[in-house]
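1. My questions concern the predicted model and sequence given below.
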Amino acid sequence: MTEFAVWAPDASRLRLRVAGHPDCDLRREDDGWWRVDLPDIPPGTDYAYLIDDGEQALPDPRSRWQPQGVHGPSRVYDDTAFDWTDHGWTGRQLPGAVLYELHVGTFTAEGTFDAAVGRLDHLAELGVDLIELLPVNAFNGVQNWGYDGVCWYAPHESYGGPDGLKRFVDAAHARGMGVILDVVYNHFGPSGAYAPLFGPYLAEASNTWGRAVNLDGPHSDEVRRFIIDSVLMWLRDYHVDGLRLDAVHALVDHRATHLLEELAAEVETLSTHVGRPLSLIAESDLNDPRLITPREAGGYGLHAQWNDDAHHALHSLLTGESQGYYADFGSLECLSDVLTGAFFHAGTWSSFRGRSHGRPVDRATVPGHRFVAYLQNHDQIGNRAVGDRVASTLSPGLLRVGATLLLTAPFTPMLFMGEEWGASTPWQFFTSHPEPELAAAVGNGRRREFAAHGWPEGDIPDPQDPATFARSRLDWAELEKPEHRETYDFYRRLIALRKSRPDLSDPRLDRVDVRHGDRFVVVRRGDCVVAANLAPKSQRITLPGVVRAVLLATGAGVTVMRDVVELPAESAVVVAAP
């Protein structure tokens with residue numbers, strides 16, 4: 001027997017339409033769920049629901065497979081049919097890991113899970129531990145960043161659907177790498193969001209992307225369950241090793257137990273059962289360490305959060321950019337505060353917000369690995385007007401200085417796809433909305449947004465133009481060019497050094513010592529010392545200890561004299577100086 005079940009608490013009638021069968025009514029239960037059991041419905045059979053006396057056939061809100069897109073029927077999927085080979089997989093913990101963020105649609109020319117499998121050996125050689133995929137759940141259209149998803153249980157069909165994602169995870173595990181999925185539970189995308197037709201999934205409140213999700217109003221118990229069950233499904237049925245929770249500050253929840261705390265408890269239970277670490281990583285604009293504070297100490301108990309302050313401190317210092325939210329960043333004092341305390345805005349004044357912002361991190365008790373840090377990510381590149389990477393702005397020397405400061409910091413480092421070879425391809429904002437009005441609204445909104453910041457509207461790429469998507473694809477042929485291969489080899493050696501020296505992965509913030517001078521910074525990490533010269537001229541820098549060995553240099557020309565190092569312009573060195 002195959003059970004069909006859907007939650008529709010306000011419906012007066014619910015019918016099921018199964019391919020090759022007459023429509024049938026579902027029976028209503030007291031909790032607002034409707035159910036029916038049918039014999040001989042094999043996997044691969046299409047089905048849909050009809051609400052009340054309407055004739056519009058709607059996909060299942062919990063659909064596991066949408067082969068005809070988000071507007072088409074759902075398809076019965078058998079989770080037990082996939083032949084996993086990762087039976088010995090014990091997982092990858094977040095502490096000590098190096099993350100790598102990629103977008104399936106632009107990581108390869110084909111834009112599929114299977115094509116991405118063909119590049120996994122590259123990531124393993126680089127030293128990646130966890131691959132973070134931008135959202136892969138189904139959205140309307142073919143190309144999209146993924147944050148317009150509407151089917152929270154179904155992998156996008158053009159990427160390869162549910163079996164394609166399982167093949168990718170299985171292949172990553174075979175190479176010793178875990179997989180983290182970026183998931184969006186703070187809003188539904190603008191097209192194909194049929195779940196709210198079945199029940200009160202939406203609240204009256206709004207956020208940046210539209211109506212917020214109903215987490216604390218009437219009937220919100222089932223809405224929360226809808227999210228929690230989706231989280232558990234990815235981790236359990238797809239063998240995924242963690243989730244990155246998009247913009248959790250947009251989750252409006254006034255209950256005594258916040259959804260995030262509830263998620264952390266349920267994921268911990270699942271992790272105990274499956275016998276491998278499962279990580280929850282938050283993206284938050286709040287600079288609130290309560291997210292990553294253990295539940296026993298009154299926090300939400302998440303495992304990590306993205307740290308935009310680390311990005312802003314590095315980016316503004318290296319590029320000199322000071323517009324918008326970079327206004328308070330860019331000094332060496334700022335970098336020092338971040339390296340030793342994670343947040344720069346920690347109950348301090350934010351000129352961009354016009355108010356104080358954030359809360360201090362307890363350096364003595366909160367480990368740095370709970371903060372994911374990056375020199376680049378999809379947002380910080382793609383939300384620039386033309387999607388330009390820092391490689392297009394910085395000199396090769398400063399690019400390596402930035403990488404060195406990132407990968408020797410006490411945080412969990414993350415790279416964005418192509419960063420490891422200084423990719424020249426941009427990462428631009430692209431969509432493929434079939435609806436002309438929606439497509440026009442997105443493009444016009446994008447142009448107005450950047451025009452307000454001084455960019456000519458004609459310079460802003462059209463998100464709907466296929467060329468915008470095509471430009472954003474990685475060009476793997478660049479790896480054959482000497483300058484890109486040299487950058488890749490440097491990143492590989494730098495990651496290997498981080499993993500070979502316990503001091504460089506030590507997450508204790510109160511063990512990081514930073515001093516700085518005129519465009520130089522020295523960071524002591526136990527018996528390792530990182531010295532970086534950001535000036536356009538050579539500098540002689542005194543180190544806190546006698547140099548025993550040079551572990552890594554960003555280029556040639558480094559001279560060491562006992563406890564003094566002479567660094568060429570825009571260069572860095574890592575030394576052993578016990």
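-> Structure received. Owing to the predicted nature of the structure, the values given are computational and were not obtained by experimental measurement.

2. CA only for contacts and neighbour counts going forward, please
-> OK.

3. Let me know the pLDDT of the residue sitting furthest away from the middle of the chain.
-> Most distant residue from the mean C-alpha position of the chain: Pro22, 43.7 Å away (Cα atoms, centre = their mean). We have a pLDDT of 95 for Pro22.

4. if I look at it, how far off is Arg15?
-> 10 Å (Cα to Cα, to the nearest Å).

5. With Ala57 instead?
-> Taking Cα to Cα, one finds Ala57 at 9 Å from Arg15.

6. more neighbours, these two?
-> Arg15 (22 against 17; other Cα atoms under 10 Å).

7. Spatially nearest residue to the more buried one (excluding sequence neighbours)?
-> Asp25 (4.4 Å; Cα to Cα, 6 or more residues apart in numbering).

8. my read: that neighbour touches Ser12, true?
-> No - judged on Cα atoms under 8 Å, Asp25 makes no contact with Ser12 at a distance of 11.1 Å.

9. In terms of neighbours, single out the busier of those two.
-> Neighbours per residue, other Cα under 10 Å: of Asp25 and Ser12, the larger number sits with Asp25, 15 against 10.

10. where's the more buried one relative to Gly54, distance?
-> With distances taken as Cα to Cα, Asp25 is found 13 Å from Gly54.

11. cool, Leu302 as well?
-> Taking Cα to Cα, one finds Leu302 at 43 Å from Gly54.

12. okay, the two: which has more neighbours?
-> Using other Cα under 10 Å as the criterion, Leu302 and Gly54 rank with Leu302 on top: 25 against 11.

13. check contacts around the more buried one.
-> Leu302 makes contact with Leu260, Glu261, Ala264, Ser279, Leu280, Ile281, Ala282, Leu291, Ile292, Thr293, Pro294, according to Cα atoms under 8 Å, 6 or more residues apart in numbering.

14. and which of those is nearest to Phe450?
-> Nearest to Phe450 among the contacts of Leu302: Ala282, at 27.3 Å, using Cα to Cα.

15. After the helix or strand encompassing Val179, which helix or strand is next? Please name it.
-> Secondary structure from DSSP states H and E places Val179 in strand 178-183. Of the helices and strands lying after strand 178-183 in sequence (DSSP H and E), the nearest is helix 195-198.

16. Tell me the strands beside the helix or strand that that next one is followed by, with direction?
-> Per DSSP H and E, helix 195-198 leads on to strand 202-207 as the next helix or strand towards the C-terminus. Sheet pairing of strand 202-207 (DSSP bridges) gives strand 210-213 (antiparallel).

17. what does the partner strand rub up against?
-> With Cα under 8 Å, 6+ apart as the criterion, strand 210-213 contacts Tyr185, Asn186, His187, Tyr201, Leu202, Ala203, Glu204, Ala205, Ser206, Ala250, Leu251, Val252.

18. Restricting to C-alpha, output the helix-or-strand element of the chain with minimal mean pLDDT in CSV.
-> Ranked by mean pLDDT, DSSP states H and E, the weakest helix or strand in the chain is helix 436-451, scoring a mean of 87. C-alpha atoms of helix 436-451 as CSV (Å, rounded to 0.1, in the frame of the first residue of the first chain):
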residue,chain,number,x,y,z
PRO,A,436,7.4,38.1,-17.9
GLU,A,437,6.1,40.4,-15.1
LEU,A,438,8.2,38.7,-12.4
ALA,A,439,11.3,38.7,-14.7
ALA,A,440,10.9,42.4,-15.4
ALA,A,441,10.3,43.2,-11.7
VAL,A,442,13.5,41.4,-10.6
GLY,A,443,15.6,43.1,-13.3
ASN,A,444,14.2,46.6,-12.7
GLY,A,445,14.6,46.2,-8.9
ARG,A,446,18.2,45.1,-9.4
ARG,A,447,19.0,48.1,-11.6
ARG,A,448,17.3,50.6,-9.2
GLU,A,449,19.1,49.2,-6.2
PHE,A,450,22.6,49.8,-7.7
ALA,A,451,21.6,53.0,-9.5
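
19. helices or strands up against that helix?
-> If contacts are counted by 3 or more Cα pairs under 8 Å, 6 or more residues apart in numbering; DSSP states H and E, helix 436-451 sits against no helix or strand.

20. just checking, next helix/strand downstream of it?
-> helix 466-471.

21. Right, I'll leave it there.
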